[in-house]
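>>> Sequence first, predicted model second:
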Amino acid sequence: MWARLAAADDVSRTAAMKIGDLVLYLGRHYYLRGLDPMSVPNRQAFLEDALTGEERTAPVEEIEPGPGNGRFGPTRV
């Protein structure tokens with residue numbers, strides 16, 4: 001049952017985010033550049049730092065929608 005709840009949470013989390021959206025990871029702003037397929041265990045998100053352009057990956061469950069993506073008011077970084 002826990003796996004189904006975790007999978008449902010993962011789907012709802014990424015459903016709110018689209019490629020190119022600004023997201024938050026570890027308190028920093030990143031652009032979402034890609035996601036592992038849903039069938040991949042421990043999915044990773046492909047991110048680009050909004051300030052430096054540095055690329056990195058992060059666990060999908062650790063990123064959240066950033067400002068201007070519907071949850072917060074429109075802002076610029």
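Looks like it arrived, so ask away.

>>> Next, residue 18: secondary structure please.
Secondary structure, DSSP: H, G, I helix; E, B strand; the rest coil: residue 18 is coil.

>>> Residue 32 is in contact with that one, correct?
Yes - applying C-beta atoms under 8 Å, one finds residue 18 in contact with residue 32, separated by 7.2 Å. In this view, the C-beta of every residue, glycine as well, is placed from N, C-alpha and C.

>>> and for those two, which residues touch both?
Overlap of the contact sets of residue 18 and residue 32 (by C-beta atoms under 8 Å, 6 or more residues apart in numbering) is empty.

>>> for this structure, what spans make up the strands?
For the chain, the strands defined by DSSP state E cover 22-25, 28-35, 44-49, 55-59, 64-65.

>>> ok, of those strands, where does mean pLDDT dip lowest?
Confidence, taken as mean pLDDT, is least for strand 64-65 of the strands of the chain (a mean of 93).

>>> gap between the residue lying closest to residue 37 once chain neighbours are set aside and residue 67?
Counting by C-beta to C-beta, 6 or more residues apart in numbering, residue 43 is the residue found nearest to residue 37 once chain neighbours are left out, at 7.8 Å. For residue 43, the distance to residue 67 (C-beta to C-beta, to the nearest Å) stands at 23 Å.

>>> With residue 23 instead?
10 Å.
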